[in-house]
Structure formats: structure tokens, C-alpha cells
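Visitor: sequence first, then the predicted structure:
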Amino acid sequence: MTLTIGALRAEPGRKTRGSLSADLGTTTVEVPLILVNGSRPGPRVVITGGVHGGGR
């Protein structure tokens, strides 16, 4: 099965890198994303991470 998020696609046994636009109301940011698609069927995992914005 092909993984698809936005315009990013990863065929079985492949990985792809890119970014997705996120509209934050007053601005739009690009969020980096890596899709890794295994070559065999089985369980899936999602790993997310984030960093709080720094103060000025």
C-alpha cells in the first residue's frame, strides 16, 4: 500500500522527504516530514516531535 500525506507519496519499500504547509492564522509555515513505508504488511508506527518557540 502506498502512503500518501498531502503531496508526499511513499511506495512500499521506499522513503520520501518533503514538507507540508500549515496555516497558523497569521502566518503559514512549512513543516518537515519524512514518510517511511515498509516493504511488507504489518503494524505501523507514527513518531512526532516538536520544539517550543524561543522567546525574544
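Guide: Received, thanks.
Visitor: what about residue 48, distance to residue 36?
Guide: As judged by CB to CB, to the nearest Å, residue 48 and residue 36 stand 14 Å apart. Using the backbone N, CA and C atoms, a C-beta is placed for each residue, glycine as well.
Visitor: more neighbours: which of these two?
Guide: A direct count of neighbours by other CB atoms under 10 Å for residue 48 and residue 36 places residue 36 higher, at 13 against 4.
Visitor: sketch out the low-pLDDT regions of the chain for me.
Guide: 53-56 (pLDDT under 70).
Visitor: and with 80 instead?
Guide: 50-56 (pLDDT under 80).
Visitor: got the contact list for the residue most central in space within the chain?
Guide: Nearest to the mean C-alpha position of the chain, by CA atoms, centre = their mean, lies residue 33 at 3.1 Å. Taking CB atoms under 8 Å, 6 or more residues apart in numbering, we find residue 33 in contact with 5, 8, 17-20.
Visitor: before we move on, what about residue 49?
Guide: No residues are in contact with residue 49 under the rule CB under 8 Å, 6+ apart.
Visitor: about what we covered before: so can I have a markdown table of the contacts of residue 33 showing neighbour count?
Guide: Formatted as a markdown table, those follow (neighbours: other CB atoms under 10 Å):
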| residue | neighbour count |
| --- | --- |
| 5 | 12 |
| 8 | 15 |
| 17 | 11 |
| 18 | 15 |
| 19 | 13 |
| 20 | 13 |
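Visitor: CSV for the residues you listed, including secondary structure and distance to residue 52?
Guide: Below are the contacts of residue 33 laid out as CSV (DSSP: H, G, I helix; E, B strand; the rest coil; distance: CB to CB, whole Å):
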residue, secondary structure, distance to residue 52
5, strand, 24
8, strand, 25
17, strand, 24
18, strand, 24
19, strand, 20
20, strand, 20
